[in-house]
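Here is my input; please provide its structure:
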Amino acid sequence: MEEYMGNALVSSAYSMLTTTSFVGMGDIVTKEAFNWVFSDPKMIRASNVIGRLMDDIVSHEFEQKRGHVASAVECYMKQYGVSKEEAYDEFKKQVENAWKDINEEFLQPTAVPVPLLTRVLNFSRMIDVLYKDEDEYTLVGPLMKDLVAGMLLDPVPM
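Down below sits the predicted model:
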């Protein structure tokens, strides 16, 4: 499980997406800000854990049908001899703890400006919406269609 997570957190691209979102923010993004991201701070790691585990929970059965062998669920079940539901419960606890880490890091003084932390927080929120109950990223359903329509077709007047 530890080997899987080590590879999965790096290869999932969540850090890359967070880092890319900093581009174009102007002078607030400094070399120190990028160094902060590359140092794998607690907040970035927590965001990656949220994305990886929430995705693995909701896409587990679909991925297994497609022949994807390695998943956090399969690794955890095999390593600890537990059921799928027990693995899901454990991952939900880990996601909850990752949210606590994000909140803790957001509320403490940090080496980077708050708008950058807000980007990480909002990225994690978006991941939470995409993977809360179903894999809305891979299998776009009514929830995602309604959210996109609400943003682009029926925006709230200002």
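
does the nearest residue to Ala98 once chain neighbours are set aside belong to a helix or a strand, and which?
Nearest residue to Ala98, sequence neighbours excluded (CB to CB, 6 or more residues apart in numbering): Ala46, at 3.9 Å. Heads up, the C-betas are built off the backbone N, CA and C, glycines and all. Assigned by DSSP states H and E, Ala46 belongs to helix 42-65.

Give the next helix or strand downstream of that helix.
That would be, after helix 42-65 and using DSSP H and E, helix 72-80.

chain center to that following helix: distance?
Between the centre of helix 72-80 and the centre of its host chain there is 20 Å, according to CA atoms, centre = their mean, to the nearest Å.

Same check on stretch 16-26?
On CA atoms, centre = their mean, the centre of stretch 16-26 falls 16 Å from that of its chain.

need the contact list for the most centrally placed residue in the chain.
Note on the chain: the residue nearest the mean C-alpha position is Gly51, at 2.2 Å, using CA atoms, centre = their mean. Neighbour list for Gly51: Ser12, Tyr14, Ser124, Ile127, Tyr131 [criterion: CB atoms under 8 Å, 6 or more residues apart in numbering].

Among the residues you listed, which are located in helices?
Among those, the ones falling in helices (DSSP state H) are Tyr14, Ser124, Ile127, Tyr131.

Dump the residues you listed into TSV; add pLDDT and neighbour count as well.
Compiled in TSV, the ones in helices among the contacts of Gly51 are given as follows (pLDDT from 0 to 100; neighbours: other CB atoms under 10 Å):
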residue	pLDDT	neighbour count
Tyr14	82	24
Ser124	93	24
Ile127	88	21
Tyr131	82	23
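
Out of those residues, which comes closest to Trp99?
Ser124 (7.7 Å; CB to CB).

and that closest one, how far is that from Cys75?
Distance of Ser124 to Cys75, computed by CB to CB, to the nearest Å: 23 Å.

Take the ones in helices among the contacts of Gly51 and write them to CSV, including distance to Val148.
Compiled in CSV, the ones in helices among the contacts of Gly51 are given as follows (distance: CB to CB, whole Å):
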residue, distance to Val148
Tyr14, 21
Ser124, 19
Ile127, 16
Tyr131, 16
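
what sits against the nearest residue to Asp55 once chain neighbours are set aside?
Computed as CB to CB, 6+ apart, the closest residue to Asp55 that is not its neighbour in sequence is Tyr131, at 5.2 Å. Applying CB under 8 Å, 6+ apart, we find Tyr131 in contact with Gly51, Met54, Asp55, Ile57, Val58, Ser59, Tyr137.
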